[in-house]
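**Q** Sequence below, structure please.
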Amino acid sequence: MTLRFSVLASGSTGNAFYIESEQEKVLVDAGLSGKKLTNLFSKINIDPAELSGILVTHEHSDHIKGLGIFARKYNLPIYANEKTWKAMDKSIGKISTDQKFLFNMEEVKTFGDMDVESFGVSHDAIEPMFYTFRHGGKKVALVTDLGYVSERIKKTVEDADAYIFEANHDVEMLRMGRYPWSVKRRILGDSGHVSNEDSGLALADIISNKTKRIYLAHLSLDNNMKDLARMSVDNVLRERGIEIELHDTDPEEPTPLYEVG
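**A** Residues are numbered from 1 along each chain as shown. Predicted coordinates:
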């Protein structure tokens, strides 16, 4: 086995991502209730008590809602950068000192046989960052919650075997939708979220012959649809001569465990 992963939940209502190697089992974010997270793990036949730890991307509630309760229940270490720790302190309840660990931005940490690299993104949180995971010559990149995909990010995440990549909204649906203009402006801005089309354009720049699978993630409940996201991203990629398997993620159901071969 190299790397296996499941997108446990993805969307504006809650996010959680699970990845494992031979030695390590890691959760990224815990944006659902503790009960819901335990239920999602049971659906992929993983015992949360076996987790090596939880990595946090940023302090928004759809990424940390169940973090405190879940970490306390299973006595799990939590990794986040210093500014994120401060920003989420009041939201997650008391965490004992021996469960608190720093993971700085632009750092590589080794968890057993898995190397995890953090990288900063442009999003309206205090110091948001996402991760790439490497093991056995394989690479998986988790990239959501960002207003645009910079050249620096592209360099960090390029040439991965699998991507979990944001396709948050259809621009026309968002413009015509019910959100107040201030919210629309935030989502469309450089610190907001990536649209379907921009997702396709970024992916066209970073995927390689190694890339086998792409999961479209963090879809807006109000301003996107799975079929539309898939079609939009696929159209952009095909225009550039790229044909690749695109997969859905869901706010309620985990994706089946996928082994990166």
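
**Q** pLDDT below threshold where in the stretch 1-150 of the chain?
**A** 1 (pLDDT under 70).

**Q** Let's verify the residue nearest to residue 47 when sequence neighbours are not counted: helix, strand, or coil?
**A** Of all residues not flanking residue 47 in the chain, residue 41 sits nearest, at 7.2 Å (CB to CB, 6 or more residues apart in numbering). C-beta here means a position set from N, CA and C on the backbone, and glycine is covered the same way. Three-state call for residue 41 (DSSP: H, G, I helix; E, B strand; the rest coil): helix.

**Q** just the helices in the stretch 1-150 of the chain please.
**A** 34-43, 61-64, 67-74, 82-88 (DSSP state H, counting those that start in this stretch).

**Q** So residue 131 sits against residue 116, correct?
**A** Yes: Residue 131 lies in contact with residue 116 (CB atoms under 8 Å); the separation is 5.4 Å.

**Q** Would you mind listing the residues touching both of these two?
**A** Common neighbours of residue 131 and residue 116 are listed as residue 55 (criterion: CB atoms under 8 Å, 6 or more residues apart in numbering).

**Q** re the thing from before, export the helices of the stretch 1-150 of the chain to JSON lines and append columns for distance to residue 179 and mean neighbour count.
**A** Below are the helices of the stretch 1-150 of the chain laid out as JSON lines (distance: least, CB to CB, whole Å; neighbours: other CB atoms under 10 Å):
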{"stretch": "helix 34-43", "distance to residue 179": "26", "mean neighbour count": "18"}
{"stretch": "helix 61-64", "distance to residue 179": "16", "mean neighbour count": "21"}
{"stretch": "helix 67-74", "distance to residue 179": "27", "mean neighbour count": "21"}
{"stretch": "helix 82-88", "distance to residue 179": "24", "mean neighbour count": "18"}
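
**Q** Take the ones you listed and write them to TSV, including distance to residue 251.
**A** Formatted as TSV, the helices of the stretch 1-150 of the chain follow (distance: least, CB to CB, whole Å):
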stretch	distance to residue 251
helix 34-43	10
helix 61-64	9
helix 67-74	17
helix 82-88	21
